[in-house]
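Peer 1: need the 3D shape of this:
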Amino acid sequence: MSKQFSDLRIQEELLNGLKDLNISKPTEIQEKIIPVLLNKTADVVGLAKTGTGKTAAFGLPLLQLIDVNNKEVQAVILAPTRELGQQISCNLKSFSKYIPAISIASICGGIPIKPQIERLKEDTHIIVATPGRLADLVKREAVNLKNIAYFILDEADEMVSALKADLDLIIKEIPKKRRTLLFTATLSGAIKQLVNNYMSKEILQIEVNMESLGHKGIDHKYVVVEPIEKLEVLLHFLNVNASKRGIIFCKTKAAVNKLAKKLAINKFSSGAIHGSLTQGIRDRIMNQFREGHLNILVATDLAARGIDVKDLSYVVNYHLPDTYDAYVHRSGRTARAGASGLSLTIIQQEEIEDISEFERALDIRFQVFEKASAKNIEENNALIWANKIFKTKPNKQVSEDFKAQIKTIFHHLTKDELVDKILANYLANTKTTSLTTEVSKKKKKSKS
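Peer 2: Numbering: from 1, shown residues only. From the prediction side, this is the model:
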């Protein structure tokens, strides 16, 4: 018989909050983490991929342990991106809906700092922050972290590289006698070093079932392409899966911009996020994606952290990531909440050996994804071209006289004849071969 949250001794107010969210049964990591946090005092390293319910695993017991009569900051939760920080903060506020005395402050970068400074003058029990912004507030002496009891690092593997300087500054500010909870999808060398340097000697390592950690429900596939055909293979995949939603990952901000522009030109329902965009633009794109107004998101690894969208059917690695950790986080965006998903990696011939290394390191198996034939690619390009015409808005500045002259030229053509002529013109201009052959065959058959 599966456990309920009440079996984990979660207090009634929090159970009511979960009920409002239609959350009744704990996930595996929640079953393992919650009793440890409530009943023991050791530091904890939680090893689990995204989408396994980490926020509730540490958030519920943390909310239960907060002393509402103590007006000082008691807990700091660090997240690598503002999106993830906001998500954690919203979740905690939803969980604690029936404990209004608990005060939670979201202190993340990308928005003006002065309102945050004013907010921290109020009573605050829990701070959810990005390392850069919290380090800035520490330097300004706008926040007091000297008496915190709980220090939580979520997706810590993203904070031990680019964000390490800010992390080090914050750790120097907080008391040595504290409880540290660290959550990561992979236990890299950098994470092990952080554990050794900043966590107590008494550490409990808790991990979910390795099958779940290693991408349960995800089909890992790769397709080998020539550089010249890479974009067309991607566009064919996206067109075939036009009714589905997913994320395309690129290595660099420039690559994200370039690909996003190509998708926009070809009228795909898409948007792009990376670290150089203003926070306002990132928020707008993310909201559009979450609400289903966009089907495709093109993103860098770090910018995609905090995306918690349950109905993503696929992720595409347009560039193979540099690290195994990055692949875990990328592929973990799909197959969430028990669903299945596809992680498709587009590679060139010289990268095939890298696939074997990813298999060994992550204990997963890749299958070959059948590349679309030249004929299918050409047909897809024609469909994209036709869709672009369909989605083109009429030019209101064209004069009625000129429009009438154009209509006169096509006046005697039926709809089918007009389509045939437009398609023939497209094929002639694109110099395709296999499609032209198919059209010729069909015409001969129709005549006979």
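
Peer 1: only C-alpha atoms, please: export the strand or helix carrying Asp420 in CSV.
Peer 2: In this structure, Asp420 sits in helix 415-430 according to DSSP states H and E. Listed next in CSV are the C-alpha coordinates belonging to helix 415-430 (Å, rounded to 0.1, in the frame of the first residue of the first chain):
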residue,chain,number,x,y,z
LYS,A,415,-8.0,26.8,-57.2
ASP,A,416,-6.3,23.5,-58.2
GLU,A,417,-4.7,25.0,-61.3
LEU,A,418,-3.4,28.0,-59.2
VAL,A,419,-1.9,25.6,-56.6
ASP,A,420,-0.2,23.5,-59.4
LYS,A,421,1.3,26.6,-60.9
ILE,A,422,2.6,28.1,-57.6
LEU,A,423,4.1,24.7,-56.6
ALA,A,424,5.7,24.3,-60.0
ASN,A,425,7.2,27.8,-59.6
TYR,A,426,8.5,26.9,-56.1
LEU,A,427,10.1,23.6,-57.4
ALA,A,428,11.8,25.4,-60.3
ASN,A,429,13.2,28.1,-58.0
THR,A,430,14.5,25.6,-55.4
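
Peer 1: which strands and helices sit next to that helix?
Peer 2: Judged by 3 or more CB pairs under 8 Å, 6 or more residues apart in numbering; DSSP states H and E, helix 415-430 is in contact with helix 374-391, helix 434-447. C-beta here means a position set from N, CA and C on the backbone, and glycine is covered the same way.

Peer 1: flag whichever of those helices has the least confidence on average.
Peer 2: Here the lowest mean pLDDT among these goes to helix 434-447, at a mean of 51.

Peer 1: residue ranges of the helices in the stretch 1-150 of the chain, please?
Peer 2: In the stretch 1-150 of the chain, the helices defined using DSSP state H, counting those that start in this stretch lie at 12-20, 28-39, 54-65, 82-95, 114-119, 131-139.

Peer 1: how far is whatever helix or strand Ile352 lives in from where the chain is centred?
Peer 2: Here Ile352 sits within helix 352-362, counting by DSSP H and E. Chain-centre distance of helix 352-362: 23 Å, with CA atoms, centre = their mean, to the nearest Å.

Peer 1: for the very next helix or strand once past it, which strands pair with it and how are they oriented?
Peer 2: Downstream of helix 352-362, the next assigned helix or strand under DSSP H and E is strand 366-368. Strand pairing for strand 366-368, determined by DSSP bridges: strand 218-224 (parallel).

Peer 1: list the buried residues in the partner strand.
Peer 2: Ile218, Asp219, His220, Tyr222, Val223, Val224 (16 or more other CB atoms under 10 Å).

Peer 1: stretch 315-323 now?
Peer 2: Within stretch 315-323, the residues that count as buried by 16+ other CB under 10 Å are Val315, Val316, Asn317, Tyr318, His319, Leu320, Pro321.

Peer 1: isn't there a strand covering Leu344?
Peer 2: Yes - assessed with DSSP: H, G, I helix; E, B strand; the rest coil, Leu344 lies in a strand.

Peer 1: please report how far the spatially closest residue to Asn381 that is not a sequence neighbour lies from Glu379.
Peer 2: Closest residue to Asn381 apart from its sequence neighbours, by CB to CB, 6 or more residues apart in numbering: Glu232 at 6.7 Å. Between Glu232 and Glu379 the computed distance is 11 Å (CB to CB, to the nearest Å).

Peer 1: confidence score at Ala424?
Peer 2: Taking Ala424 on its own, its pLDDT is 89.

Peer 1: which strand or helix spans Ile247?
Peer 2: strand 246-249.

Peer 1: so how far is that strand off the chain centroid?
Peer 2: 8 Å.

Peer 1: before we move on, back to that, tell me which of the helices of the stretch 1-150 of the chain is the most buried.
Peer 2: Ranked by mean neighbour count under mean count of other CB atoms under 10 Å, those are led by helix 54-65, which reaches a mean of 24.

Peer 1: which residue, other than its chain neighbours, is closest to Gln30?
Peer 2: That would be Ala57: by CB to CB, 6+ apart, it lies 4.6 Å from Gln30.

Peer 1: that neighbour and Leu38 touch, don't they?
Peer 2: No - taking contacts as CB atoms under 8 Å, Ala57 lies outside contact range of Leu38: 11.4 Å.

Peer 1: any stretches of the chain with poor pLDDT?
Peer 2: The model of the chain has pLDDT under 70 over residues 1-2, 50-51, 161-162, 209-216, 304-308, 336-338, 431-448.

Peer 1: how does it divide into domains?
Peer 2: For the chain, automatic domain parsing gives the domain ranges 5-212, 216-374, 393-439.

Peer 1: quick one: which of these is nearest Ala386?
Peer 2: domain 393-439 (8.2 Å; CB to CB).

Peer 1: straight-line length of stretch 344-362, end to end?
Peer 2: Its start and end residues considered, stretch 344-362 measures 16 Å (CA to CA, to the nearest Å).

Peer 1: how far does that stretch sit from its chain's centre?
Peer 2: The answer for stretch 344-362 is 21 Å, by CA atoms, centre = their mean.

Peer 1: before we move on, what about stretch 174-191?
Peer 2: Using CA atoms, centre = their mean, the offset of stretch 174-191 from its chain centre is 22 Å.

Peer 1: please apply the same query to stretch 391-401.
Peer 2: The answer for stretch 391-401 is 39 Å, by CA atoms, centre = their mean.

Peer 1: buried sites along that stretch?
Peer 2: Result for stretch 391-401 [16+ other CB under 10 Å]: no buried residues.

Peer 1: contacts for that stretch?
Peer 2: Lys267 (CB atoms under 8 Å, 6 or more residues apart in numbering).

Peer 1: now the end-to-end length of that stretch.
Peer 2: 24 Å.

Peer 1: how close does Phe289 sit to Pro131?
Peer 2: From Phe289 across to Pro131, the span is 25 Å (CB to CB).

Peer 1: how many neighbours does Phe366 have?
Peer 2: 19 (other CB atoms under 10 Å).
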